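> What shape does this take:
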Amino acid sequence: MRSSTIYEEVHETPQGYKYIELRTGRRVTFYDAQRKAETSLSNLWRWMARMGKLARKYDGDLEEYDFDWKDIERMVGQIETLAAVWRKKLEKHSVKISKERKIKALRNTKGREPEEAAAYLEMANKLEAEL
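Here you go, the predicted model:
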């Protein structure tokens with residue numbers, strides 16, 4: 001089953017506020033999504049702790065013992081994958097912002113000699129092409 005988030009489009013009000021309109025017609029802003037994510041993270045911590053408490057203790061039957069812990073391990077793997085995806089997105093965003101700042105600084109040719117300004121603008125153009 002495909003995630004409905006793939007089809008969710010970001011809209012913007014005339015005042016510049018971004019939102020996603022859900023199939024139900026409800027509008028979700030960044031802060032709504034952030035609140036839900038934080039609540040979900042809290043719930044995840046709580047329920048994972050409960051899973052750890054309820055996991056079978058070793059009583060001589062290795063297969064029974066492994067069953068619950070393998071499920072916990074699978075979930076931890078999914079959490080690690082989620083974190084890795086977001087780390088990659090954050091890193092990409094950080095690099096882009098850093099390059100945009102460099103480009104802005106290079107394009108500021110105020111007080112530079114014409115040759116120096118031309119060289120800086122050329123460097124800015126090269127960086128811009130990388131974005």
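> Distance from stretch 35-53 to the middle of the chain?
Centroid separation for stretch 35-53 versus its chain: 19 Å, with C-alpha atoms, centre = their mean, to the nearest Å.
> Report the central residue of the protein.
Nearest to the mean C-alpha position of the chain, counting by C-alpha atoms, centre = their mean, stands Trp86 at 3.7 Å.
> would that one count as being in a helix?
Yes - the assignment for Trp86 by DSSP: H, G, I helix; E, B strand; the rest coil puts it in a helix.
> Can you give me the distance of it to Arg74?
19 Å (C-beta to C-beta, to the nearest Å). Quick note: C-beta positions are derived from backbone N, CA and C, even for glycine.
> now Ile20
30 Å.
> same question, Ala119
According to C-beta to C-beta, Ala119 and Arg74 sit 55 Å apart.
> between those two, who's got more neighbours?
Ala119 (14 against 10; other C-beta atoms under 10 Å).
> follow-up on the earlier one: report pLDDT for the residue nearest to the centre of the chain.
You'll see Trp86 listed with a pLDDT of 95.
> Likewise for Arg2?
Per-residue confidence (pLDDT) for Arg2: 51.
> Check Leu62 too.
Leu62 is given a pLDDT of 67.
> so where's the protein uncertain?
Scanning the chain for pLDDT under 70 picks out the ranges 1-6, 61-65.
> show me where it has helices.
Counting by DSSP state H, the chain has these helices, from start to end: 30-54, 62-107, 114-130.
> Would you format those helices as JSON lines with distance to His11 included?
Converted to JSON lines, the helices of the chain look like this (distance: least, C-beta to C-beta, whole Å):
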{"stretch": "helix 30-54", "distance to His11": "13"}
{"stretch": "helix 62-107", "distance to His11": "22"}
{"stretch": "helix 114-130", "distance to His11": "29"}
